[in-house]
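1. dropping a prediction and its sequence here:
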Amino acid sequence: MNATRSLLLPFVGGLCVAASMPPWGFWPLSFIGVALLGWRHDARASRRAVSGFVFAIGWLAPSTAWMWFLTPPGHVAAVIVFSAFHAVAAATVAPSSWSPFARAGAHTLAEAARLAVPFGGVPLATMGIAQASGPLLDVARVGGVLLISLVVMTVSFTIPPLIRSIRDRAVTGCSLAPILGSSAVFVLATIAPAGHDIDGGTVRVAAVQGGGRQGTSALEVPSRNVTAAHLAATAKIEVDPELDLVVWPENAIDVNRVSFAESDQAAAIAAEASRLGVPFLVGVTEDAEYVYDVGPGNFVNAQYTVMPDGSVVDRYVKVVRVPYGEYVPLRGLLEALGAPVDQIPSDALAGRGPAVLDVPGVARAAVVISWEVFFGRRTRDGVTSGGELLVNPTNGASYTWTILQTQQVASSRLRAVESGRWVIQVAPTGFSAIIDPDGRVLQRSDISEQRVLTGDVTRRTGLTWYARLGDTWVAAVAFIVVAAPMFRRRRSPSPDHR
């Protein structure tokens, strides 16, 4: 019974963190949840590991439930693997006066690992996503989601010992140091560089959401129907001399056995671009043999620039693919074991260029396609390559509920602040959104509706600290605060040698 009770607290803490995530979104629960994990700090590493594992199960199982609709075994495996990361983090740090810092660093390193492994990273339901609606959003322009995680963890792990110090009337400067340090980061974020507008750089953008039912697969809704819905929505856009750019979402067009430039769909887009007199950015799924020097059998997920004269002038191919969604890692092994790999009959090939699209006469756009918006490093690649605004074409039509879609809007808010750029997120069935560089959602569509979001965005230049430095320095700080007390213990003389 005592063992059950000891695990109940971290599990409830994990559920609190899950509830702080979109779509539930009560961000203060992140602090409460981590504090509940921190309330007990067992001297035995094995017990700490179990507490960390149970905490992460409570956190990740509900907040990544959208994966179930992609692959039920994958959802279970991802939750177990990433919970194991936090189990290792919890086991690593022994009780000491340095514990709040060290525990925060260890769990931040677990989050850093999720950004990188396996399969290039699976950054689901990160702590930063929960804080996109909270006061720590500005911290993203200093150190991205990892620094937000470090601040949240540091403050939260300080709460239990601070409560005990207050109860015992033994509050000292050391007990307040983690909160004071986190407050300094918060203040620093308010004055950190955020980029700046380009004079005369206003761009009027129309983001086209064709609409349709959620929870449907490509087999249920033929691609021609998706294209037709977006053409119908685009046809409602009136000719406007102030309009500069039209953006379509990911997978709005699917072409087979022909290049996009030679397809009927490209001709239809060219006709609309000519009617409106503006360039289009359109999402295309295309046979890889027409993009790269490869044989048939694979495909690419790309975003194209189509000019009013019908010319196709630039292309960005998605670099970070969705494992078990767009390609199957270890396909041969899984096939030998009898896994249903035929549900993804061919693999997407990864792109090779920088994350930008040129739109002549309008802007240079940083581009992150769908899943890539969860990776701050992809936005950094686009912005440091000259991106003046950020476009996120996406497709969440396959998923029931709105867990993924709301977390993606939160991720777009984080990317806006990290990069100091306006974000245009556009999806076939929702959510589409226009977000300013401070992370404010100025417009957002509803799920399933057919709608065109039209708004003015501003081309911007200049780099935030995050755009310059990325995640590595935060991971290094987290490692130092974990390693420092271990080093001190090893250097301290034993009682027999005093």
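-> Arrived safely.
2. apart from its neighbours in sequence, what residue is nearest residue 421?
-> Setting aside the residues directly before and after it, residue 421 is nearest to residue 390 in space (CB to CB, 6 or more residues apart in numbering), at 4.5 Å. Any C-beta I mention is one placed from the backbone N, CA and C, and that applies to glycine too.
3. beta partners of the closest residue to residue 326 other than its chain neighbours?
-> Among residues not flanking residue 326 along the chain, residue 348 sits closest, at 4.0 Å (CB to CB, 6+ apart). Residue 348 has these beta-bridge partners by DSSP bridges: residue 299.
4. burial of residue 348, as a residue count?
-> Using other CB atoms under 10 Å, residue 348 has 20 other residues around it.
5. counting neighbours, what do you get for the residue lying closest to residue 64 once chain neighbours are set aside?
-> Nearest residue to residue 64, sequence neighbours excluded (CB to CB, 6+ apart): residue 124, at 4.5 Å. Neighbours of residue 124 under the rule other CB under 10 Å: 21.
6. pLDDT score for residue 2?
-> Residue 2 carries a pLDDT value of 64.
7. ditto for residue 299
-> So residue 299 comes in at 97 (pLDDT).
8. what comes up buried for stretch 359-374?
-> Neighbour-count burial for stretch 359-374 flags 359, 362-374 (criterion: 16 or more other CB atoms under 10 Å).
9. give the rounded mean pLDDT of it.
-> pLDDT averaged over stretch 359-374 gives 97.
10. which of the buried residues of stretch 359-374 fall in strands?
-> 359, 363, 364, 365, 366, 367 (DSSP state E).
11. what about stretch 281-300, start to end distance?
-> In stretch 281-300, first residue to last residue: 16 Å (CA to CA, to the nearest Å).
12. give the buried residues for that stretch.
-> Neighbour-count burial for stretch 281-300, counted by 16+ other CB under 10 Å, picks out 281-291, 298-300.
13. take those residues and keep only those in strands.
-> Among the buried residues of stretch 281-300, the ones falling in strands (DSSP E) are 281, 282, 283, 284, 285, 286, 287, 299, 300.
14. want to throw the residues you listed into a markdown table with distance to residue 73?
-> As requested, these are exported to a markdown table (distance: CB to CB, whole Å):
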| residue | distance to residue 73 |
| --- | --- |
| 281 | 35 |
| 282 | 34 |
| 283 | 29 |
| 284 | 30 |
| 285 | 25 |
| 286 | 30 |
| 287 | 29 |
| 299 | 24 |
| 300 | 27 |
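15. closest one of these to residue 464?
-> Among those, residue 281 lies closest to residue 464 (CB to CB), at 24.1 Å.
16. burial count for the spatially closest residue to that closest one that is not a sequence neighbour?
-> Nearest residue to residue 281, sequence neighbours excluded (CB to CB, 6+ apart): residue 247, at 4.7 Å. Residues near residue 247, counting by other CB under 10 Å, number 26.
17. next, the contact list for residue 247, please.
-> Under the criterion of CB atoms under 8 Å, 6 or more residues apart in numbering, the neighbours of residue 247 are 205, 206, 207, 208, 280, 281, 391, 393, 424, 426.
18. and for residue 149?
-> Per CB under 8 Å, 6+ apart, neighbours of residue 149: 107, 108, 111, 126, 127, 128.
19. mind checking how far it is from residue 181?
-> Taking CB to CB, to the nearest Å as the measure, residue 149 falls 15 Å from residue 181.
20. wait, residue 459 touches residue 195, no?
-> No. Under the criterion of CB atoms under 8 Å, residue 459 is not in contact with residue 195, lying 10.3 Å apart.
21. common neighbours of these two, please.
-> Counting by CB under 8 Å, 6+ apart, nothing touches both residue 459 and residue 195.
22. residue 294 and residue 337, how far apart?
-> Computed with CB to CB, the distance linking residue 294 and residue 337 is 27 Å.
23. what do you get for residue 99?
-> Applying CB to CB, the value for residue 99 to residue 337 is 43 Å.
24. excluding its backbone neighbours, what's nearest the most centrally placed residue in the chain?
-> Compute the mean C-alpha point of the chain, and by CA atoms, centre = their mean the closest residue is residue 374, 1.7 Å away. In space, and not counting its chain neighbours, residue 374 is closest to residue 123: 4.7 Å by CB to CB, 6+ apart.
25. that neighbour - how many residues pack around it?
-> A count of nearby residues for residue 123, using other CB under 10 Å, gives 19.
26. would you map the strands across the stretch 301-450 of the chain?
-> For the stretch 301-450 of the chain, the strands defined by DSSP state E, counting those that start in this stretch cover 312-317, 356-359, 363-367, 389-393, 423-426, 433-435, 441-444.
27. endpoints of stretch 61-69, how far apart?
-> End-to-end distance (CA to CA), stretch 61-69: 13 Å.
28. pop the domain breakdown of the protein in here.
-> 2-193+470-497, 197-463 (automatic domain parsing).
29. of these, which shows the lowest average pLDDT?
-> If those are sorted by mean pLDDT, domain 2-193+470-497 sits at the bottom with a mean of 91.
30. relative to the whole chain's centre, how far out is that domain?
-> Its chain's C-alpha centre lies 18 Å from the corresponding centre of domain 2-193+470-497 when counted by CA atoms, centre = their mean, to the nearest Å.
31. confirm that residue 203 sits in a strand.
-> Yes. Counting by DSSP: H, G, I helix; E, B strand; the rest coil, residue 203 is part of a strand.
32. how about the closest residue to it other than its chain neighbours, phi and psi?
-> Excluding the flanking residues, the one nearest residue 203 by CB to CB, 6+ apart is residue 244, at 4.7 Å. Dihedral angles of residue 244 (phi, psi; degrees, to the nearest 10) stand at phi -120, psi -30.
33. surely residue 244 touches residue 204?
-> Yes. Counting by CB under 8 Å, residue 244 does reach residue 204; the two are 5.0 Å apart.
34. higher neighbour count, the two?
-> Remark: of residue 244 and residue 204, residue 244 carries more neighbours, 21 against 16, as counted by other CB under 10 Å.
35. how close does the more buried one sit to residue 456?
-> Per CB to CB, residue 244 is found 9 Å from residue 456.
36. what do the two both touch?
-> Common contacts of residue 244 and residue 456, defined by CB under 8 Å, 6+ apart, comprise 203, 204, 205.
37. pipe the residues you listed into JSON lines and attach distance to residue 255 per row.
-> Converted to JSON lines, the shared contacts of residue 244 and residue 456 look like this (distance: CB to CB, whole Å):
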{"residue": "203", "distance to residue 255": "28"}
{"residue": "204", "distance to residue 255": "29"}
{"residue": "205", "distance to residue 255": "25"}
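38. which residues touch residue 138?
-> Listed by CB under 8 Å, 6+ apart, the contact set of residue 138 reads 186, 189, 190, 192, 417.
39. and if you look at residue 20?
-> 26, 27, 28, 29, 30, 33, 130.
40. what's stretch 111-128 in contact with?
-> By CB under 8 Å, 6+ apart, the surrounding residues in contact with stretch 111-128 are 17-18, 21, 30, 59-60, 63-64, 67, 78, 81-82, 85, 140, 144-146, 148-149, 152-153, 320, 323, 329, 374-375, 377, 407, 414, 471, 474-475, 478.
41. any idea how far residue 251 is from residue 232?
-> 17 Å.
42. and the residue lying closest to residue 45 once chain neighbours are set aside, which helix or strand is it part of?
-> Leaving aside its chain neighbours, residue 45 sits nearest to residue 91 (4.4 Å; criterion: CB to CB, 6+ apart). In this structure, residue 91 is located in helix 72-92 according to DSSP states H and E.
43. residues of that helix that come out buried?
-> Across helix 72-92, burial judged by 16+ other CB under 10 Å covers 74-75, 78-79, 82-83, 85-92.
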